[in-house]
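A.B. asks: only geometry, no sequence info:
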């Protein structure tokens, strides 16, 4: 097979191929194509048989698959190896799979990051602090890119001291059901802490967001505070709108200021 390639169209094609080719037989290395020579930083070698077989097999054949090759300057390259055996030769093809390895490593990194997050609040089943803040990062990036309006609503509830944990859980779940029922289809809600909800209001400016506050003065919400065990004693609301230059932390910081709901009609 190797003899048939020599000087013919087959070898000419492999000479310009964008993948590596190594041909070996019982005597050792017989031929490398220019791509593989270049990848190994050995362009100056005209006769590829001057390579010692032991050096090549150690570098190209003893490693895993895919496997790294010595970096060119600062870039690490990865190759995927294929093997074809003929009666006379062992022929190896080497494909550059660096981009796939990088993508795979990034996917694993993101998966590790995700596995380290608490995805849901254990009491309400809503998005946890980690997840809702990550979602907010994405919304801020889109607003920064497209100048879309974006508002945030913070609702904090306060409970009696030394409240029974089961009563507290039932109460927070009841509040969560109410808030989810008030959401528009594009709104997203999660927990900043065990008694504080964060609502992301995409495509909503401050004035439009403020118009939603009247719901907190209406009967369905006020009924959460009627006398009885397992009820909150008060609540507060914060509201802010994204402005150019705002970061996630800046918006969350702005939410700390309470709004006077007595002025909301």
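C.D. replies: Received, thanks. Only a predicted model underlies this, so the values are computations on that prediction, with no experimental measurement involved.
A.B. asks: where's residue 243 relative to residue 149, distance?
C.D. replies: Using C-beta to C-beta, to the nearest Å, residue 243 is found at 10 Å from residue 149. The way it works is simple: take the backbone N, C-alpha and C, and place the C-beta from them, glycine included.
A.B. asks: the more surrounded of those two?
C.D. replies: A count of neighbours by other C-beta atoms under 10 Å puts residue 149 above the other of residue 243 and residue 149, at 16 against 12.
A.B. asks: neighbours around the residue nearest to the more buried one when sequence neighbours are not counted, how many?
C.D. replies: Spatial nearest neighbour of residue 149, chain neighbours left out: residue 205 (4.3 Å); criterion: C-beta to C-beta, 6 or more residues apart in numbering. With neighbours defined by other C-beta under 10 Å, the count for residue 205 comes to 14.
A.B. asks: what's near enough to touch the nearest residue to residue 212 once chain neighbours are set aside?
C.D. replies: Residue nearest to residue 212 in three dimensions, not counting chain neighbours: residue 153, with 7.3 Å by C-beta to C-beta, 6+ apart. Residue 153 is in contact with 198-199, 201, 209, 212, 237-239, counting by C-beta atoms under 8 Å, 6 or more residues apart in numbering.
A.B. asks: residues near residue 124, how many?
C.D. replies: Residue 124: 22 surrounding residues under other C-beta under 10 Å.
A.B. asks: so it, which of the three states?
C.D. replies: coil (DSSP: H, G, I helix; E, B strand; the rest coil).
A.B. asks: what distance do you get for residue 206 to residue 186?
C.D. replies: Applying C-beta to C-beta, the value for residue 206 to residue 186 is 17 Å.
A.B. asks: out of the two, which sits in the busier spot?
C.D. replies: residue 206 (15 against 10).
A.B. asks: that one contacts residue 151, doesn't it?
C.D. replies: Yes - with contact defined as C-beta atoms under 8 Å, residue 206 counts as touching residue 151 (6.0 Å).
A.B. asks: overlap in contacts, those two.
C.D. replies: Residues touching both residue 206 and residue 151 (C-beta under 8 Å, 6+ apart) are 239-241.
A.B. asks: give me the pLDDT for residue 247.
C.D. replies: pLDDT for residue 247: 94.
A.B. asks: thought it was touching residue 140?
C.D. replies: Yes - using C-beta under 8 Å, residue 247 is in contact with residue 140, at 7.1 Å.
A.B. asks: between these two, which one's more packed in?
C.D. replies: residue 140 (19 against 12).
A.B. asks: ok, and the closest non-adjacent residue to the more buried one?
C.D. replies: The shortest distance from residue 140 to any non-neighbouring residue, by C-beta to C-beta, 6+ apart, is to residue 248 (5.8 Å).
A.B. asks: hmm, that neighbour is touching residue 136, no?
C.D. replies: Yes - using C-beta under 8 Å, residue 248 is in contact with residue 136, at 5.4 Å.
A.B. asks: the two: who's more crowded?
C.D. replies: Using other C-beta under 10 Å, the more surrounded residue of residue 248 and residue 136 is residue 136, with 20 against 16.
A.B. asks: which SS state does the more buried one fall under?
C.D. replies: Recorded secondary structure, residue 136: helix (three-state DSSP).
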